[in-house]
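J.: Requesting a structural model of the entry that follows:
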Amino acid sequence: MAEPIRLVLVEDNQVFREALELLLGLQSDIEVVASVGEGSSAADVVRTHKPDVVLMDYRLPGLDGVQATRAVREASPEVAVVCLTASANLREVDALFEAGAVACLSKDQELDEIVAAIRDAA
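T.: This is a model prediction of the structure:
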């Protein structure tokens with residue numbers, strides 16, 4: 001069996017972050033190696049845990065999702081960033097892709113779609 005996809009969660013809403021961590025942890029091929037509540041610690045966590053994929057919120061305290069995505073990609077260019085946002089306009093989504101995100105999903109999408117995006121990114 002292949003190694004599980006190593007995932008870091010960056011999400012400021014603690015309840016949503018813990019729920020995602022639990023639900024994603026139930027996937028046999030995904031291992032949540034770390035989760036943080038602010039964008040400013042994302043790059044350090046990525047350097048420490050060496051994930052395959054980062055699931056990144058857009059609206060974060062400190063660094064926003066665009067700045068945090070850029071910092072993660074500079075710290076670890078091989079990491080794929082999948083953004084997850086409650087609301088981002090087209091300009092914000094474009095900025096996420098320019099910063100290096102490989103996908104941008106809405107938080108109200110089905111878990112299966114989020115999992116599929118993580119698998120595709122890995």
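J.: what ranges do the strands span in this structure?
T.: Taking DSSP state E as the test, the strands found in the chain are 5-10, 30-36, 53-57, 80-85, 101-106.
J.: closest one to Leu63 among the ones you listed?
T.: Of all these, it is strand 5-10 that lies closest to Leu63, at 9.5 Å by Cβ to Cβ. To be clear about C-beta, it is placed using only N, CA and C from the backbone, and glycine gets the same treatment.
J.: so how far is the closest one off the chain centroid?
T.: Here strand 5-10 is found 6 Å from its chain centre; the criterion is Cα atoms, centre = their mean, to the nearest Å.
J.: got JSON lines for the strands of the chain, with mean pLDDT too?
T.: Formatted as JSON lines, those follow (pLDDT from 0 to 100):
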{"stretch": "strand 5-10", "mean pLDDT": "97"}
{"stretch": "strand 30-36", "mean pLDDT": "97"}
{"stretch": "strand 53-57", "mean pLDDT": "96"}
{"stretch": "strand 80-85", "mean pLDDT": "93"}
{"stretch": "strand 101-106", "mean pLDDT": "94"}
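J.: deepest of the ones you listed, which one?
T.: Burial of the strands of the chain is given as mean neighbour count (mean count of other Cβ atoms under 10 Å); strand 53-57 ranks first at a mean of 27.
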